[in-house]
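Undergrad: Predicted model and sequence below, questions to follow.
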Amino acid sequence: METTTNLSVNQNTAKKKWYDRIPSTVVFLFYTLIIGAVATYLIPAGEFVRVEDKETGITKIDPNSFHYVDSSPVGILDVFKSIYTGLVEGGGIIFLVFLGYFWVYTMLQTGAFNAVIGKIINNSKLRRLYIPIFIIIFALAGSTYGELTATYGLLPLFIGLAIMMRHDAIIGVCICGMACAIGSAVGTSNPYTTALAQNVAQLPLYSGQGLKWLSIIAFLIPTIWYTLRYAKKIKNDPSKSIVCDLDFKSFAFDEDKINNLNESKMTGRQKIALAIFLLSIVAIVAGSILYKFGLAEVAMVYLIGALLMSFVARYSADQIAANFCKACSEIMMVVILIGLARSVLIILTNADIIDTIVYGLYQPIKDLPPWASAQGMLVMQTLLNFVIPSGTGQAVTVMPIMVPLADLSDVTRQTAVMAFTFGDGFSNLLYPTAHIGIMLGIAKIPFGRWFKFFMPLFGILFIIQMIFIFIAVATNYGPF
């Protein structure tokens, strides 16, 4: 009997798909943390001299100042301590996610969004076009005003929409989070990456628009095609969905309520709640563009929007509190992911090996010809996003190195900025330490499943990146 049981277990293991052998995102990040701790014993500590620019307040590094310092490898206790510290330092993002999901959860409770979904489902034109429409909208949001983290709160809505359209959670991530990250990678006027990188490179703010707009079109065409192709495949045969065996009932809309709403109009309170929800999005967009909204301001809008919708729906104080607790409980796994991702960065920073990694990665490309040097910048920037997942943090750490490297390699500084935004932005969808780790936590999608879906598209997008970097070198993409 024992032999039969063991044989059955071995057969089940043998049938396991390769992408299911990739650990869950939480386990993957913990392994990454351990590897980072081991690396502190293998990689020598080093640092660049950092100087604050008195005019802009931006801290920059002197690219010629790298020097080795005394090593300070982390101990086993420091690994566990870093998890606590990561949760504390990630508090800004964590509470943004809590309040963002509370905002979305409140909207769902009012029933207003269900009514909108019902109308879309029963409109043949909107039903066919909802994927490209939302991909374009969110790509433009990411490219123009740097939208990315605010989409965390919207993901459950779009996953629910995709499921209602007989698609899956992967499609929900694509039309919202993935589209935003792709737009952010191009960064036509992204204040968090493009503006900061061009400032370090002493380029005119938001210059080089022509090639950027051409590139976003080039990226969106295969993205929309790839997403629609997958959506059609799983709609015809749901068993071909990469996540068909997983439970996403918590995202599903109430179909009975939606069917009932098809024959009746939205109530006045639901219309007001929907208006508040949409005005909250407008406030975030306008605030980001006009008033440089940060995490605190976006979280403020989420909270005010949720409370206003609650008041319109005539929820009692106890019911509002219960909704908040329920929303937070459903998103708790994301908190762990944020803390672990931040812990990896803490380990590498405390051991003073991040600057050594940056310095080492850029040494092989400093003496290459212009076209190869520019492609090397793209590759190195893509790799660096694993250890420095913050676009802003990369801009102030890496751009001071890339600018003189570009000058020495006869590559324009604008090309170096493009290599930076491409490498940083697209790899946000590749590494569990970057934004996709949080998105997958919210979507309850294992990292291995996403990896299987996204890698072919990433390969296509990376080839397009290389083509545009080549065009930038060939045309002396400028002004300089």
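TA: Yep, it's here. All of these numbers come straight from a predicted model, not from anything done at the bench. Numbers count the residues shown, from 1 in each chain.
Undergrad: make it CA atoms for all contacts and neighbour counts henceforth
TA: Will do.
Undergrad: for the stretch 151-300 of the chain, what spans make up the helices?
TA: Using DSSP state H, counting those that start in this stretch, the helices of the stretch 151-300 of the chain run over 155-164, 169-173, 179-186, 194-200, 209-236, 255-262, 268-290, 295-312.
Undergrad: Which secondary structure elements does the shortest one sit against?
TA: Just to be clear, that refers to helix 169-173. Secondary-structure packing of helix 169-173 (3 or more Cα pairs under 8 Å, 6 or more residues apart in numbering; DSSP states H and E): helix 155-164, helix 435-443.
Undergrad: Then the fourth one?
TA: Judged by 3+ Cα pairs under 8 Å, 6+ apart, the packing partners of helix 194-200 are helix 391-408, helix 413-426.
Undergrad: most packed of these?
TA: Greatest average neighbour count among the helices and strands packed on helix 194-200 goes to helix 413-426 (a mean of 28), per mean count of other Cα atoms under 10 Å.
Undergrad: got the angle between it and helix 179-186?
TA: 160 degrees (axes from the mean of the first three to the mean of the last three Cα atoms, to 10 degrees).
Undergrad: Just name whatever secondary elements helix 413-426 is in contact with.
TA: If contacts are counted by 3+ Cα pairs under 8 Å, 6+ apart, helix 413-426 sits against helix 179-186, helix 194-200, helix 370-384, helix 391-408, helix 447-474.
Undergrad: so which of these comes closest to residue 303?
TA: With Cα to Cα, the closest approach to residue 303 among the helices and strands packed on helix 413-426 belongs to helix 179-186: 22.4 Å.
Undergrad: how much space between residue 211 and residue 149?
TA: Residue 211 is 26 Å from residue 149, where distance means Cα to Cα, to the nearest Å.
Undergrad: ugh, wrong one, residue 375
TA: Per Cα to Cα, residue 375 is found 28 Å from residue 149.
Undergrad: before we move on, back to that, residue 80: which of the helices and strands packed on helix 169-173 is closest?
TA: Between residue 80 and those, the shortest gap by Cα to Cα is with helix 435-443, which sits at 20.2 Å.
Undergrad: Now for residue 244: which residues touch it?
TA: Applying Cα atoms under 8 Å, 6 or more residues apart in numbering, we find residue 244 in contact with 168, 238.
Undergrad: Kindly report the same for residue 87.
TA: Residue 87 touches 335-336, 338-340, 342-343, counting by Cα under 8 Å, 6+ apart.
Undergrad: In a markdown table, list the residues you listed along with distance to residue 313.
TA: Formatted as a markdown table, the contacts of residue 87 follow (distance: Cα to Cα, whole Å):
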| residue | distance to residue 313 |
| --- | --- |
| 335 | 29 |
| 336 | 32 |
| 338 | 32 |
| 339 | 35 |
| 340 | 37 |
| 342 | 38 |
| 343 | 40 |
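Undergrad: and residue 289, what pLDDT?
TA: Per-residue confidence (pLDDT) for residue 289: 69.
Undergrad: any chance of the contacts of residue 87 in CSV, with pLDDT and neighbour count too?
TA: Formatted as CSV, the contacts of residue 87 follow (pLDDT from 0 to 100; neighbours: other Cα atoms under 10 Å):
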residue, pLDDT, neighbour count
335, 79, 21
336, 82, 19
338, 76, 27
339, 82, 23
340, 82, 29
342, 81, 27
343, 87, 30
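Undergrad: Okay, and which of those residues map to helices?
TA: Those of the contacts of residue 87 mapping onto helices are 335-336, 338-340, 342-343, per DSSP state H.
Undergrad: ok, so of those residues, who is nearest residue 140?
TA: Comparing these against residue 140 with Cα to Cα places residue 338 closest, at 25.9 Å.
Undergrad: Correct me if wrong: the closest one contacts residue 90.
TA: Yes: between residue 338 and residue 90 there is a contact under Cα atoms under 8 Å: 6.4 Å.
Undergrad: quick revisit: which among the helices and strands packed on helix 413-426 is found nearest to residue 75?
TA: The nearest among those, by Cα to Cα, is helix 370-384 at 24.2 Å.
Undergrad: Tell me the helices and strands packed up against that closest one.
TA: Packing partners of helix 370-384 (3+ Cα pairs under 8 Å, 6+ apart): helix 354-362, helix 413-426, helix 447-474.
Undergrad: roughly how far is that helix from the heart of the chain?
TA: Relative to its chain's centre, helix 370-384 lies at 21 Å (Cα atoms, centre = their mean, to the nearest Å).
Undergrad: Please export the C-alpha coordinates of that helix as CSV.
TA: Extracted in CSV, the C-alpha atoms of helix 370-384 (Å, rounded to 0.1, in the frame of the first residue of the first chain):
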residue,chain,number,x,y,z
PRO,A,370,28.6,53.2,-30.3
TRP,A,371,25.9,50.8,-31.5
ALA,A,372,27.1,47.9,-29.2
SER,A,373,27.7,50.2,-26.2
ALA,A,374,24.1,51.5,-26.5
GLN,A,375,22.7,47.9,-26.7
GLY,A,376,24.9,47.0,-23.7
MET,A,377,23.4,49.9,-21.7
LEU,A,378,20.0,48.4,-22.4
VAL,A,379,21.0,44.9,-21.3
MET,A,380,22.7,46.1,-18.2
GLN,A,381,19.8,48.4,-17.2
THR,A,382,17.4,45.4,-17.7
LEU,A,383,19.6,43.3,-15.3
LEU,A,384,20.0,46.1,-12.8
